[in-house]
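*Asks:* coords below, sequence missing:
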C-alpha cells in the first residue's frame with residue numbers, strides 16, 4: 001500500500017478535527033518525518049505508534065500537555081518542535097525523559113521559556129538533549145546536520161580545494177616556461193633574419209658596384225668610338 005512507502009508527510013496549515021490528529025494511522029509504518037504546523041491541535045492523544053518516526057513538527061498549535069503519548073508511541077524520535085504552543089511549566093515536559101534518542105527540542109515562544117534558569121533546568125531534566133532551541137548547553141548554534149561529521153567534511157573539502165589550487169599553480173608555471181621558450185625561439189629567428197638580411201644587402205651592393213664598372217667601360221649610346229692612331233696607319237697601308 002502507498003501508506004507503507006511514505007517516509008515524509010507534511011500537513012502544515014490543514015485544519016484538525018476538534019483539535020485532534022485525524023487520518024494518520026499505524027499504516028504509515030515507514031514514516032520518518034511528520035509535520036503538523038499550525039493545524040489547531042490541542043492534543044496529541046490520537047497520534048499512532050510510529051517506530052521509525054524521527055522528526056515531529058508540532059509548532060504553532062495549542063498543545064499544553066499530554067506528552068506521555070509521544071514517549072510511548074514514538075520511541076525513536078530525535079527531533080521535536082513544540083515552539084509556539086501553550087507549555088507553561090517544566091514539569092509538563094518531564095515525559096520526554098522516556099525518549100532516549102531525543103537530541104533536539106524547540107520551545108520558542110512558549111511561556112516556559114520565560115522561567116528563571118529555563119535552559120539549565122531543561123538540560124538537567126533531559127540529559128539526552130544536545131540542542132535546546134537551536135543551541136547546545138554551551139550556547140553553540142546547531143549546524144544543519146546537528147554538527148555530526150561536519151568537521152570531517154569541511155577538512156576534506158579544504159584539502160581538496162588546496163590540492164586543486166596547487167595543481168592550477170603547477171599548470172600556470174608550465175605555461176610560463178613554454179611561453180619563455182617560444183620567446184627565445186622567436187628572438188633567435190629574428191637574429192637569423194637580421195644576419196641574413198645584412199648579408200643579402202651586402203651582396204646587392206656588390207652587384208650594383210659591378211654593374212657600374214661595366215657601364216663605365218662600355219661607350220655610351222650614340223657616341224662614336226674614336227679610332228686609335230694605329231688603326232689609321234693600317235688603313236694607309
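*Replies:* Good, I have the coordinates. Bear in mind the structure is a predicted one, so any value in this text is a computation, not a measurement.

*Asks:* Mind checking what helix or strand follows the helix or strand residue 69 falls within in sequence?
*Replies:* Taking DSSP states H and E as the criterion, residue 69 maps to helix 68-73. Where DSSP H and E defines the elements, the next helix or strand beyond helix 68-73 is strand 79-81.

*Asks:* what helices or strands is that following strand leaning on?
*Replies:* strand 55-57, strand 104-106 (3 or more C-beta pairs under 8 Å, 6 or more residues apart in numbering; DSSP states H and E). Where you see a C-beta, it was placed from the backbone N, CA and C, and this is true even at glycine.

*Asks:* In TSV: those, plus mean neighbour count and distance to residue 75.
*Replies:* Below are the helices and strands packed on strand 79-81 laid out as TSV (neighbours: other C-beta atoms under 10 Å; distance: least, C-beta to C-beta, whole Å):
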stretch	mean neighbour count	distance to residue 75
strand 55-57	19	12
strand 104-106	20	16
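
*Asks:* Give me the below-cutoff pLDDT ranges for the chain.
*Replies:* Residues of the chain that meet the criterion pLDDT under 70 lie in 1, 145-237.

*Asks:* so where do the helices sit in it?
*Replies:* Along the chain, counting by DSSP state H, helices occupy 2-5, 68-73, 118-125, 150-217, 229-236.

*Asks:* gap between the nearest residue to residue 84 once chain neighbours are set aside and residue 140?
*Replies:* Spatial nearest neighbour of residue 84, chain neighbours left out: residue 60 (4.1 Å); criterion: C-beta to C-beta, 6 or more residues apart in numbering. Counting by C-beta to C-beta, to the nearest Å, the gap from residue 60 to residue 140 is 26 Å.

*Asks:* who's in contact with stretch 40-54?
*Replies:* Stretch 40-54 is contacted by residues 15-16, 19-22, 24-26, 28-34, 58, 61-64, 66-67, 69-70, 72-79, 101 when judged by C-beta atoms under 8 Å, 6 or more residues apart in numbering.

*Asks:* Report the buried residues of it.
*Replies:* By 16 or more other C-beta atoms under 10 Å, the buried positions in stretch 40-54 come out as 40-44, 46-48, 50, 53-54.

*Asks:* give me every residue that touches residue 59.
*Replies:* Residue 59 makes contact with 37-38, 81-85, 106, 108, according to C-beta under 8 Å, 6+ apart.

*Asks:* Generate CSV for the residues you listed, with distance to residue 94 as supplementary columns.
*Replies:* Shown next, in CSV, are these (distance: C-beta to C-beta, whole Å):
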residue, distance to residue 94
37, 24
38, 26
81, 18
82, 14
83, 19
84, 21
85, 16
106, 17
108, 20
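
*Asks:* hey, what's residue 106 bridged with?
*Replies:* Residue 106 has these beta-bridge partners by DSSP bridges: residue 81.

*Asks:* wait, doesn't it sit right on residue 133?
*Replies:* Yes: Residue 106 lies in contact with residue 133 (C-beta atoms under 8 Å); the separation is 5.7 Å.

*Asks:* Identify the contacts common to these two.
*Replies:* residue 83.

*Asks:* Whichever of the contacts of stretch 40-54 end up buried, select them in ChimeraX.
*Replies:* A single ChimeraX command selects the buried members of those (16+ other C-beta under 10 Å):
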select :16,19,21,24,28,29,31,32,33,34,58,61,63,64,67,69,70,73,74,75,77,78,79
